[in-house]
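Q: For reference, the sequence and a predicted model appear below.
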Amino acid sequence: MNRLVLYGLVFLLAGCAATRGAQEQQGPAPEEAPIDWSAYEDFDPARYPDPPPPPLTVQHDVPEALMEGRAGASATRTVEGYRVQIFLTENKATADSIYTAAVAWWRRMAAQGLLEGIPGAHADPPPVYIVYRAPYYRIRLGNFRTREEAERLRELAARRFEGAFVTSDRVTVGQ
């Protein structure tokens, strides 16, 4: 049995071994004369007298402040911060009506000067948000970095919206 396996291996290796015959060595290809394609070309550019296209103008949507290197002056970013929640409901129509009332309240308070010192006091539109996390719609006010800033607005909002409280949220703030 061992001999049979040994003979099988020998024949297998012999069958797989390729015999190499004499191969011609090729050196670099001889230099050929370049082909003159003009005899085959029938394109006449004089038949197309169109003027060259106008120069391209670049249109972009990058803000001028960024193009001029003044991005830090007006840049905003989203950070962990605080808002004042004034209402919670499962009904979208109720959330929309409270949102409208909150925007009107914010504008009235800003016009009376009662929101001085509160970030975003004179923003248009006011920082009033409907935050939906199933199944509730939450009406929230402001964009505050600190809880103390939010607490000042909560005191004013609690007079109009009973049960207003400060909550943490992702907020958009200026630099």
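A: Done, it's in. From a predicted model like this one, the values you see are computed outputs, not experimental measurements. Numbering: from 1, shown residues only.

Q: number of nearby residues for the closest residue to Met109 other than its chain neighbours?
A: The shortest distance from Met109 to any non-neighbouring residue, by Cβ to Cβ, 6 or more residues apart in numbering, is to Leu115 (5.1 Å). (C-beta placed from N, C-alpha, C; glycine too.) Per other Cβ atoms under 10 Å, the neighbour tally for Leu115 reads 21.

Q: Make sure Leu115 is actually in contact with Arg107.
A: No - look at Leu115 against Arg107 with Cβ atoms under 8 Å: they stay out of range, at 9.7 Å.

Q: Please name the strands paired to the longest strand seen in the chain in the sheet, noting orientation.
A: Assignment by DSSP state E gives strand 76-89 as the longest strand of the chain. Sheet partners assigned to strand 76-89 using DSSP bridges are listed as strand 136-144 (antiparallel), strand 165-174 (antiparallel).

Q: quick one: average pLDDT of the last one?
A: The average of the pLDDT scores along strand 165-174 is 89.

Q: Could you do the shortest one as well?
A: When pLDDT is averaged over strand 136-144, the result is 94.

Q: That one: what's the following helix or strand?
A: For strand 136-144, the following helix or strand on the C-terminal side (DSSP states H and E) is helix 147-160.

Q: burial count for Val84?
A: Taking other Cβ under 10 Å as the criterion, the count of residues near Val84 is 27.

Q: And Leu9, by the same measure?
A: Using other Cβ under 10 Å, the number of residues around Leu9 comes to 10.

Q: Assign a three-state SS to Pro55, would you?
A: coil (DSSP: H, G, I helix; E, B strand; the rest coil).

Q: Can you tell me how far it is from Met67?
A: 20 Å (Cβ to Cβ, to the nearest Å).

Q: Sweet, I'm off.
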